[in-house]
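Engineer: The sequence and its predicted three-dimensional model are supplied below.
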Amino acid sequence: MKVELKNIHKHFGKTYANKGINLTIPSGSIQGILGENGAGKSTLMKILSGFIQADAGGEIVLEGKSAVMQSPADAIRFGVGMLHQDPLDFPPMKLLDNFLLGMPGRLFPNRKETMQDFNLLAKEYGFNFDPENYVDSLTVGERQQLEIMRLLFLGARVFILDEPTTGISAAQKTKLFDTLRTFPEQAITTIFVSHKLEDVESLCDRVAVLRAGELVGEFTPPYETKKFVSTMFGKEITLGDRQPAKTGEVILSLKDVSLEDARVRIDNVNVDIRAGEVIGLAGLEGSGQGMFMRACSGLARPVAGNVLLKGKDLTGKPYHRFKHEGVNFLPAARLEEGLVPGLSLTDHFVLAEEPKGVFIDRAYGQKLAEDRIKSFNIRGTPTSTVESLSGGNQQRAELALLQTPLSLILLEHPTRGLDIESVIYIWSKLKDRCKQDGAAIIFISSDLEEVLQYSDHLLVFFSGKVSAPIDAATTSVEQLGQLIGGKGWPAEGGSHA
Amino acid sequence: MNQETLLVGLAGVLAAAAPIVFAVMGETLSERAGVINLSMNGTILLTAMSGFAVAYSTDSLLLGFLAGMLIGALVALIVAFASITLKQSQVAIGFVLALTCRDLAYFLGNPFMGVPGPRLQAAPIPVLSDLPILGPLFFRQEVITYISFLAIFIAWLWIYRTRPGLMLQGIGEKPAAAYIRGANVNVMRYVYTVIGGALIGLAGPAYSLGVRAGWMGTISGLDGIGWIALSITIFGGWNPSRAAFGAYLFAFLQWLGLVLQAVFTAVPSQVLQVAPFPLMILTLLLVNIGNAEWVERTLAAMPETARKFTARVLRAMRASPPAALGVPFERD
Amino acid sequence: MLKSRMSGFVFQLIAFVLALGFVSLILVAVGASPLDAFTNMLKGSVGSTRKFAEVLVSFVPLLLVTAGLLITFSAGLWNIGVEGQIVLGAIGTVWVLRQFVDSTISPAIIITLAILGGMVTGAIWASFAGMLKTFGGVNEIFGGLGLNFVSTALTLYLIFGPWKREGVASMSGTEPFPEAFSLPQLPDLRISPYALAIALVAIVIVYFILQGTYFGLKIKAVGKNIRAAYLLGIPTWQYSLYSFLICGALAGIAGALQVTAVYYRLIPSISSGYGYLGLMVAMLINYQAIWAVPVALFFAALNIGSIQLPIVLKLDSSLSGVLQGVLVLFVLLTEGVRQKFVKKA
């Protein structure tokens, strides 16, 4: 299906998310859309998938016919389906029910018939599913496959994929790309939205680059990575050279630690983490890295083994005990877990200092807040409530809450959803703290490049196994992608570190 | 106790549970869509009073029940409007309505206090009522009790076996995903809250025209039933069949309290009457305790086999609410 | 800021007018004159010093309960069990007084002990709901409701069982205590200045806890985001429990004063619904301590003003409850409309 976007504008208040975008995508092509966060990619895709409507004057033309789409369900009727970054499915329900949900038909669906359709379609695309299984037992990659099947069944002729390679394994990525490469022969058009250059380069027939709401460039192979970068950012960006860590004493050491939750179990982890060291945890969502981090901070209790902090045995102690030894945990969901909506920046800084007196010392709080706001370059005032800050500023506020002295910083997705400049700023701040306090950093990220760029050593998690520390400097994105997908592991005993 | 009195007693339990069944089914539908209707206690009182008043004034039982449903739907509409359209706290609005409707029932019901009025009569079903044991137990009930059986079945069938029911599950679980599958989330939330309210509104007349015929104002003994029904909804894990089990269990315990009172005269009657309430707290404790953080920690400290066993027991008892319960939905 | 406060006030006024209008409609519907009803309520509450003293008698427990609830609301908790906490406060007080019926200790000491006893039992009862919440994962609304029913049953059991009156037990309650066990009152008026002073001191303390102490700030942090508060280093479950304890203690004092300053005995309806009414006051003032006094006073006046309605106008006294409820309802609704409206503007 041929897709034409004509003169698409979209404004929110005074700011324009899309400015006069014109783009023609031939039928059966794989179109890449590149752009940094906030470039207007997702707004454009939301318009094309019926989530929001473009400002008056814009037009979407499908196969030569103008299409007005009022909702995503409407879009599907026009043949436009979208695959969202976080799969929009129903984890506690069965695969079959998920597949059925929202399909038109009689009051009482014929489950047997649907099951046959389901199995047939799965076979055709080489997906391996049990329709009676529950969605929450699937990986993100499998949930994508399920969603692709559903959209195909509904007759989608245009597929929009929003950052589909985040959080899936190398094997699943290969599978996904193989599936997408079969689309052109069926005249299905694919729109592939990403900020990952190598994915776009290897998959797409053509690439459009957005910057600040405008379409600033269109490319066809052969591609030049440098050209992409300068078009995306409007300037050349260097990520700074990595510096080998000067490591000191052992901060955290895990001895024969076993962890368990409802889904994964990890056995006998032995690892020492030293001052000044940055450890990146890589793995598919739910492979155990989250549990590992919670165990390092006292938020979860290991089922066996010992956790030692600077030689002190803190096994089974709560987070607050760890915190008193200088362990700070910064969660990914900033407004849900890290900050208190409704309280001001001053309130946060004061609370983080664990004040001793009874009555609030306002002058002290004011001074503290002004200092922190200045030194962390936060755009806000002492009385600003945290929810009124932008994502980047919230993240800076979280960093400003780190206590002194520090021995270990634990971070979950520290830069998720931030633009590249915030990312660079935040990592420089973190490395500073690391040097200053002789602290170690452990962080989780689903962005493999971030993991490789900023950590000294990696621990890779795959279905209950933990790798030995891997030198980040000598590992490539491809190798890491293989590892998180379960390939290239030593045959047995991968968890002995 | 011989078999006959036992059967009569148990048949009475089924009848006494009918209003609770309506209330619990209504609340389950509403919460499945993501809206907590906390006004239930007041709604039941108000509909009991108005159902009786209408049936008394018009001499039509049917109109009495319809009036109850209408008022229940109206109260639910206020809850829906405040929470869906105005995005106010569902708990706050529901609680205020629970108190206001209760006082309104007392205020408006004043002229009908203690007046003898119409009531439902037993309607034995031919043939079936002559079956041994099953006959006297199930088929010599009042019409409203039969309808309560039907309500359980239909609610279950609707939620788990029909297309709109699947969508209902989706709306309560992840509204954004239901939306991209074509659901008009907020409209459907209105619809289910109002239908749920109408069902709750059947509970009042089921009392005042059936189980406890008449309107007795503050001494009707109905104040509190709504709160019980709310706990049963949780106990039922938002599943009509498990919720119905909770409703019958509760009615059975109340009946048992009455029976035991005759046996153990030394125990003051108040103690036995209140027995279901601590039991309710206990069951809520069992259903919820698996979610407590310390349990997770304690489990981790347990030896392997004990941990596995306890975790399995806790998981079997646990009931997880629809993920989007009480969360407003915005398209973007 | 100022503009939004102004619009807030305008909307509250609209809510008030709407509520009055709605209740008038109901009155007309039952064939009564709204004007008569409202003037009667006004006269019945502030028509004489004696009547106003009655309003204050009702104001004392309501204010105490509201003060306590402001703490639990700040901690993000719906302490619906406050009703039972009042009851247990009364029971605790009666229990202490019973221990001293034949003693020769100064009544002032006995009464002080009794009120403290009520405070402690109220707090203990609240801690049950708190522990069910923190250790059992049971929502405080359901734990609290269950405990309310149990507290009512306990009262009845005591009145008809161990504490029954000489001769026949009845719904009229336990044997009244000797006069020495009551808080001194103003001449010819039923209001005890001590009780009034205790309630006013309580709300002032609560105001300062919430506005000026680190304790209050931590409670608020816990209430707004318990997970983030924990990561910030606040011992969250302890603070939840503290807030239950404070609220229970204040409700317990309310119950104690119901015994020592109003009824002088345990009666089945000793809490008189002040717990639920306190929740309504807290909602109406949008959880701002500064407005607790006038609004609690207004609600108390409605309570007292409606007492003579059945005699004079043959209307049920639950009209006050209807009016209070409808008022809170409309304030919540207009606040919702305002938020929608102001956001769009």
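Structural biologist: Cool, got the structure. Numbering: from 1, shown residues only, chains lettered A, B, ... in the order given.
Engineer: Spatially, what comes nearest to residue 287 if we skip its sequence neighbours?
Structural biologist: This is for chain A. What sits nearest to A:Ser287 in space, not counting adjacent residues and going by C-beta to C-beta, 6 or more residues apart in numbering or on different chains, is A:Phe461, at 4.0 Å. Any C-beta I mention is one placed from the backbone N, CA and C, and that applies to glycine too.
Engineer: if you could check chain C rather than the one you did, that'd help
Structural biologist: C:Phe73 (4.9 Å).
Engineer: do the same with B:Arg102
Structural biologist: For B:Arg102, ignoring the flanking residues on the chain, the nearest one in space by C-beta to C-beta, 6+ apart is B:Gly42 at 4.4 Å.
Engineer: list the contacts for that neighbour?
Structural biologist: The contact partners of B:Gly42, by C-beta atoms under 8 Å, 6 or more residues apart in numbering or on different chains, come to B:75, B:97-102, B:104-105, B:226.
Engineer: hmm, try it at 7 Å
Structural biologist: When contacts are counted by C-beta atoms under 7 Å, 6 or more residues apart in numbering or on different chains, B:Gly42 is found next to B:97-102, B:226.
Engineer: What about the residue nearest to C:Tyr287, how many residues nearby?
Structural biologist: By the other C-beta atoms under 10 Å in any protein chain shown criterion, the neighbourhood of C:Phe73 contains 22 residues.
Engineer: just C:Asn303 next, same as before
Structural biologist: 26.
Engineer: is any part of the helix or strand it falls within close to chain B?
Structural biologist: Under DSSP states H and E, the secondary-structure element containing C:Asn303 is helix C:292-305. No - under the criterion of C-beta under 7 Å from any C-beta of the partner chain, helix C:292-305 makes no contact with chain B; the nearest approach is 11.3 Å.
Engineer: How far off centre is the helix or strand that that helix is followed by?
Structural biologist: On the C-terminal side of helix C:292-305, the closest following helix or strand by DSSP H and E is helix C:309-313. Between the mean C-alpha point of helix C:309-313 and the mean C-alpha point of its chain there is a distance of 26 Å (C-alpha atoms, centre = their mean, to the nearest Å).
Engineer: Sheet partners, orientation included, of the one helix or strand the residue nearest to A:Ser287 maps to?
Structural biologist: Element membership for A:Phe461, per DSSP H and E: strand A:457-462. Next to strand A:457-462 in the sheet, as set by DSSP bridges, lie strand A:278-283 (parallel), strand A:465-466 (antiparallel), strand A:470-471 (antiparallel).
Engineer: so which of these is the most packed in?
Structural biologist: Counting by mean count of other C-beta atoms under 10 Å in any protein chain shown, strand A:278-283 has the highest mean neighbour count of the strands paired with strand A:457-462, with a mean of 26.
Engineer: Give me the average confidence score over that one.
Structural biologist: With pLDDT averaged residue by residue, strand A:278-283 scores 92.
Engineer: got a list of contacts for it?
Structural biologist: Defining contact as C-beta under 7 Å, 6+ apart, one finds that strand A:278-283 is touched by A:245, A:273, A:289, A:292-293, A:434, A:441-445, A:448, A:451, A:454-462, A:472, A:480, A:484.
Engineer: For the residue nearest to B:Arg161 when sequence neighbours are not counted, the count of nearby residues, please.
Structural biologist: Excluding the flanking residues, the one nearest B:Arg161 by C-beta to C-beta, 6+ apart is A:Phe108, at 6.2 Å. A count of nearby residues for A:Phe108, using other C-beta under 10 Å, gives 11.
Engineer: Isn't A:Phe108 up against B:Gly165?
Structural biologist: No - A:Phe108 is beyond contact range of B:Gly165, at 9.7 Å (criterion: C-beta atoms under 7 Å).
Engineer: I'd like to check which residues are in contact with the residue nearest to A:Ser287.
Structural biologist: Counting by C-beta under 7 Å, 6+ apart, A:Phe461 has contacts A:281, A:283, A:287-289.
Engineer: Just put the residues you listed in CSV and tack on distance to B:Phe309.
Structural biologist: Output for the contacts of A:Phe461, formatted as CSV (distance: C-beta to C-beta, whole Å):
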residue, distance to B:Phe309
A:Leu281, 31
A:Gly283, 29
A:Ser287, 26
A:Gly288, 23
A:Gln289, 28
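Engineer: Looking at those, spot the one nearest chain B.
Structural biologist: Looking at these and their distance to chain B, the nearest is A:Gly288, at 14.6 Å (C-beta to the nearest C-beta).
Engineer: How confident was the prediction at A:Leu401?
Structural biologist: 92.
Engineer: With the one 4 residues further on instead?
Structural biologist: The score at A:Pro405 is 85. That number is its pLDDT.
Engineer: Name the residue of the stretch 201-332 of chain B that lies nearest to chain A.
Structural biologist: Distances between the stretch 201-332 of chain B and chain A by C-beta to the nearest C-beta are smallest at B:Ala300, namely 3.9 Å.
Engineer: tell me which element that residue is part of?
Structural biologist: Under DSSP H and E, the secondary-structure element containing B:Ala300 is helix B:293-301.
Engineer: Tell me which residues are up against the host helix or strand of B:Pro164.
Structural biologist: Assigning secondary structure by DSSP H and E places B:Pro164 in helix B:163-173. By C-beta under 7 Å, 6+ apart, the residues outside helix B:163-173 that reach it are A:90, A:92-93, A:97, A:100-102, A:105, A:107, A:109, B:32-34, B:158-159, B:177-178, B:181, B:183, B:185, B:188-189, B:192, B:322-325.
Engineer: Go through it and flag the buried ones.
Structural biologist: Neighbour-count burial for helix B:163-173, counted by 16 or more other C-beta atoms under 10 Å in any protein chain shown, picks out B:163, B:165-173.
Engineer: And for stretch A:70-88?
Structural biologist: Residues of stretch A:70-88 classed as buried under the neighbour-count rule (16+ other C-beta under 10 Å) are A:71-73, A:75-76, A:78-85, A:87-88.
Engineer: Among the residues you listed, which lie within helices?
Structural biologist: Helix and strand membership here follows DSSP state H; of those, those in helices are A:72-73, A:75-76.
Engineer: Of these, which are in range of chain C?
Structural biologist: Residues shared between those and the neighbourhood of chain C: none [C-beta under 7 Å from any C-beta].
Engineer: Centre of the chain to the strand holding A:Phe461, how far?
Structural biologist: What separates the centre of strand A:457-462 from the centre of its chain is 17 Å, taken as C-alpha atoms, centre = their mean.
Engineer: Could you list every helix and strand in contact with the helix holding B:Ala300?
Structural biologist: helix B:304-317 (3 or more C-beta pairs under 7 Å, 6 or more residues apart in numbering or on different chains; DSSP states H and E).
Engineer: ok, 10 Å please
Structural biologist: Counting by 3 or more C-beta pairs under 10 Å, 6 or more residues apart in numbering or on different chains; DSSP states H and E, the packing neighbours recorded for helix B:293-301 are strand A:250-260, helix B:304-317, helix C:107-136, helix C:236-257.
Engineer: low-confidence ranges in the stretch 351-497 of chain A?
Structural biologist: Within the stretch 351-497 of chain A, the ranges that satisfy pLDDT under 70 run A:491-497.
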